[in-house]
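Asker: Got a predicted model here, sequence first, then my questions.
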Amino acid sequence: MASTAMFSSSLFPITPLNKLSSSRNSLIFRPLSFRPPLFRIRSSLLQDKEDKVITQNTFPSKTSPLDSVTENSTNDDDTSSTSAWEKGVIKVEQSVNIFLTDSVIKILDALYRDRNYARFFVLETIARVPYFAFMSILHMYESFGWWRRADYLKVHFAESWNEMHHLLIMEELGGNAWWFDRFLAQHIAIFYYFMTALMYLISPRMAYHFSECVESHAFETYDKFIKEQGEELKKMPAPEVAVNYYTGGDLYLFDEFQTSRVPNTRRPTIDNLYDVFLNIRDDEAEHCKTMRACQTYGNLRSPHSYADAEDDDESVCTIEAGCEGIVDCIKKSVTSNPAKVK
């Protein structure tokens with residue numbers, strides 16, 4: 001693996017998202033509060049005739065941040081050399097992530113070929129872990145006075161809250177009935193936490209891409225399950241925890257993790273188990289889009305923050321100061337003023 005310096009924040013381009021996705025032939029979701037100059041999260045949403053969410057093929061990623069590096073290149077030799085170096089590092093990071101993800105997928109395929117609910121229980125136990133790791137490192141930075149960014153903490157907590165309810169649903173369906181499944185899932189989660197925390201400490205971009213890979217696999221797993229078992233699922237009742245989560249009165253956190261959507265625009269209907277898995281699959285698609293957006297420095301905003309700042313162009317357009325990676329944080333702590341709450 002490359003040295004710590006290789007993964008420092010100098011690799012994170014600050015690029016308007018209206019340049020990020022210009023080369024992609026996809027439908028771009030624009031929230032109602034979107035204005036052309038904003039550094040707004042933009043993510044793709046492809047839909048088939050049945051209006052089902054389909055995520056992009058991210059193996060390997062062909063968009064942010066590689067496109068940003070390419071588009072920011074100039075004719076200057078030094079700049080071109082730097083951009084080529086950045087592109088190379090990004091490809092190495094993504095190759096490592098894809099290898100790790102594929103390895104875990106092969107293990108799960110071998111162990112849970114015909115045990116869907118147990119497989120989903122393991123997936124959801126693991127899926128919460130990156131967001132715990134992200135928040136742990138962000139809290140560490142805040143404790144050291146290096147970086148305070150409320151939007152990242154809010155969104156990552158909302159993502160962990162969503163994944164927790166996926167896990168509760170799988171437990172109610174009996175996915176955790178076997179001791180071996182609980183033992184395996186929990187010990188993988190412990191290892192995954194420390195690995196993700198270390199990765200996020202060194203290269204947030206790499207950690208976010210790895211999480212995108214995991215969420216993409218979860219989406220594909222649920223999508224395949226729905227297509228194969230859809231008719232049977234429509235005959236089965238929805239778990240009570242799913243009904244409460246998706247149709248309950250307080251849906252603030254449900255809106256918060258969907259950073260490509262305007263709050264209050266997605267309100268699921270849960271009539272049977274098919275609807276439950278359909279919405280879980282769509283949740284994973286939203287996680288993919290958020291993780292993709294996070295790979296570009298300073299690119300994440302809470303969906304609710306736009307409603308509060310709709311009449312204040314300056315507050316919306318400004319990218320918050322911060323640092324990316326432990327090396328950049330240490331360097332900036334010596335050369336800049338203490339962080340302010342954003």
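Answerer: Thanks, I have it.
Asker: where exactly do the helices run in the stretch 151-300 of the chain?
Answerer: For the stretch 151-300 of the chain, the helices defined by DSSP state H, counting those that start in this stretch occupy 179-202, 204-233, 240-247, 252-256, 273-294.
Asker: closest one to I90 among those helices?
Answerer: I90 lies closest to helix 204-233 among those, at 7.3 Å (C-beta to C-beta). For the C-beta atoms, the positions are set from N, CA and C on the backbone; glycine is no exception.
Asker: Which among the helices of the stretch 151-300 of the chain is found nearest to F132?
Answerer: Judging those by C-beta to C-beta, what sits closest to F132 is helix 179-202, at 6.2 Å.
Asker: Quick one: low-confidence residue ranges for this structure.
Answerer: Low-confidence segments of the chain, defined by pLDDT under 70: 1-82, 307-342.
Asker: before we move on, back to that, which among the helices of the stretch 151-300 of the chain is found nearest to F144?
Answerer: Of the helices of the stretch 151-300 of the chain, the one closest to F144 (C-beta to C-beta) turns out to be helix 179-202, at 12.2 Å.
Asker: excluding its backbone neighbours, what's nearest F157?
Answerer: The spatial neighbour of F157 that comes closest, neighbours along the chain excluded (C-beta to C-beta, 6 or more residues apart in numbering), is M135 at 6.5 Å.
Asker: one step back: out of the helices of the stretch 151-300 of the chain, which is closest to W147?
Answerer: helix 204-233 (10.8 Å).
Asker: Show me what that closest one is packed against.
Answerer: helix 77-111, helix 116-127, helix 129-143, helix 179-202, helix 273-294 (3 or more C-beta pairs under 8 Å, 6 or more residues apart in numbering; DSSP states H and E).
Asker: Okay, angle between that helix and helix 116-127 too, please.
Answerer: Per axes from the mean of the first three to the mean of the last three C-alpha atoms, to 10 degrees, the angle that helix 204-233 makes with helix 116-127 is 160 degrees.
Asker: What residues of helix 204-233 count as buried?
Answerer: Buried residues in helix 204-233, counted by 16 or more other C-beta atoms under 10 Å: 204-219, 221-223, 225-226, 233.
Asker: got the contact list for the residue nearest to T269 when sequence neighbours are not counted?
Answerer: Excluding the flanking residues, the one nearest T269 by C-beta to C-beta, 6+ apart is D275, at 6.3 Å. Listed by C-beta atoms under 8 Å, 6 or more residues apart in numbering, the contact partners of D275 are A238, P268, T269.
Asker: Then T259?
Answerer: T259 neighbours (C-beta under 8 Å, 6+ apart): I41, S43, V155, E286, K289, T290, A293, L300, R301, S302, P303.
Asker: Against C288, how distant is it?
Answerer: Applying C-beta to C-beta, to the nearest Å, the value for T259 to C288 is 11 Å.
Asker: cool, and G298?
Answerer: Taking C-beta to C-beta, one finds G298 at 20 Å from C288.
Asker: Between the two, point out the one with more neighbours.
Answerer: Using other C-beta atoms under 10 Å as the criterion, G298 and C288 rank with C288 on top: 26 against 19.
Asker: from what I can see that one touches S216, true?
Answerer: Yes - contact criterion C-beta atoms under 8 Å: C288 and S216 qualify, at 5.4 Å.
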